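Novice: this is the structure alone, sequence omitted:
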């Protein structure tokens, strides 16, 4: 697991990724309005099993899970409607890059968020080559954003404030301090491997729904 940082400043996030001159104006017109909304999810919101992953865009363990293990999990549980999946954003070192990765992913709106984030995770393998800013900016551009839109999303104070608020909530309310961390129906999973998560989800699926348990016994 990777320990995370609670907050990141606007200038640091912008400078970590901006491919051109850093903009100081408000977000450009055309940037999706939902770029500052809450957590992103996949699957059926009414599924009996709710899985939450706390992840960072700069966490190598998170990248390995997303790229190697999650596709199988998604096919078996999420795509079949058995699990509703929610990702909660965290910031691990380099926190500036993690923040920038999330801000650019949100810049694409809900429809492209997970696609862009997946490519941000894939780009980790090339970060040692330097110029991380251009690498991740190129991810945004490959998904229909302009360089100006990327820079604008990075310098949107409302978007960064929302990100910092979500990270703080995970720390204070959810008591999560490292990534990746998984919860199944509100209970933290003891482990970070796919087999740990699969075991917890399988148990949750076999558990009798609460409303059925309440109806057991004879009526008075």
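Specialist: Structure's in. What do you need? Model, not experiment: these values are computed from the prediction. Residues are numbered from 1 along each chain as shown.
Novice: touching, residue 147 and residue 138? I think so.
Specialist: No. With contact defined as C-beta atoms under 8 Å, residue 147 does not count as touching residue 138 (9.4 Å). To be clear about C-beta, it is placed using only N, CA and C from the backbone, and glycine gets the same treatment.
Novice: what segments of the protein are helices?
Specialist: 10-17, 60-64, 70-73, 95-107, 113-123, 132-142, 147-154, 157-172, 194-206, 210-214 (DSSP state H).
Novice: which one of those helices lies closest to residue 41?
Specialist: helix 113-123 (9.5 Å; C-beta to C-beta).
Novice: report the buried residues of that closest one.
Specialist: 113-114, 116-121, 123 (16 or more other C-beta atoms under 10 Å).
Novice: worst-scoring helix or strand of this protein, pLDDT-wise?
Specialist: Ranked by mean pLDDT, DSSP states H and E, the weakest helix or strand in the chain is helix 10-17, scoring a mean of 46.
Novice: tell me where the model's unsure across this protein.
Specialist: Low-confidence segments of the chain (pLDDT under 70): 1-37, 208-220.
Novice: one more time with 90, if that's ok
Specialist: 1-38, 93-96, 128-134, 151-178, 207-220 (pLDDT under 90).
Novice: rebuild the helices of the chain as JSON lines, extending it with distance to residue 50.
Specialist: Shown next, in JSON lines, are those (distance: least, C-beta to C-beta, whole Å):
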{"stretch": "helix 10-17", "distance to residue 50": "30"}
{"stretch": "helix 60-64", "distance to residue 50": "19"}
{"stretch": "helix 70-73", "distance to residue 50": "14"}
{"stretch": "helix 95-107", "distance to residue 50": "21"}
{"stretch": "helix 113-123", "distance to residue 50": "17"}
{"stretch": "helix 132-142", "distance to residue 50": "29"}
{"stretch": "helix 147-154", "distance to residue 50": "29"}
{"stretch": "helix 157-172", "distance to residue 50": "16"}
{"stretch": "helix 194-206", "distance to residue 50": "9"}
{"stretch": "helix 210-214", "distance to residue 50": "13"}
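Novice: buried deepest among the ones you listed, which one?
Specialist: Sort those by mean neighbour count, taking mean count of other C-beta atoms under 10 Å, and helix 95-107 sits at the top with a mean of 28.
Novice: for that one, name the packing helices and strands.
Specialist: In terms of contacts (3 or more C-beta pairs under 8 Å, 6 or more residues apart in numbering; DSSP states H and E), helix 95-107 is packed against helix 10-17, helix 113-123, helix 132-142, helix 147-154, helix 157-172.
Novice: can I get those in CSV with distance to residue 193?
Specialist: Shown next, in CSV, are the helices and strands packed on helix 95-107 (distance: least, C-beta to C-beta, whole Å):
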stretch, distance to residue 193
helix 10-17, 30
helix 113-123, 17
helix 132-142, 27
helix 147-154, 33
helix 157-172, 21
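Novice: nearest to residue 202, of those helices?
Specialist: Of the helices and strands packed on helix 95-107, nearest to residue 202 by C-beta to C-beta is helix 113-123, at 23.8 Å.
Novice: what about the helices and strands packed on helix 95-107, which gets the closest to residue 79?
Specialist: Of all the helices and strands packed on helix 95-107, helix 113-123 comes closest under C-beta to C-beta, at 12.9 Å.
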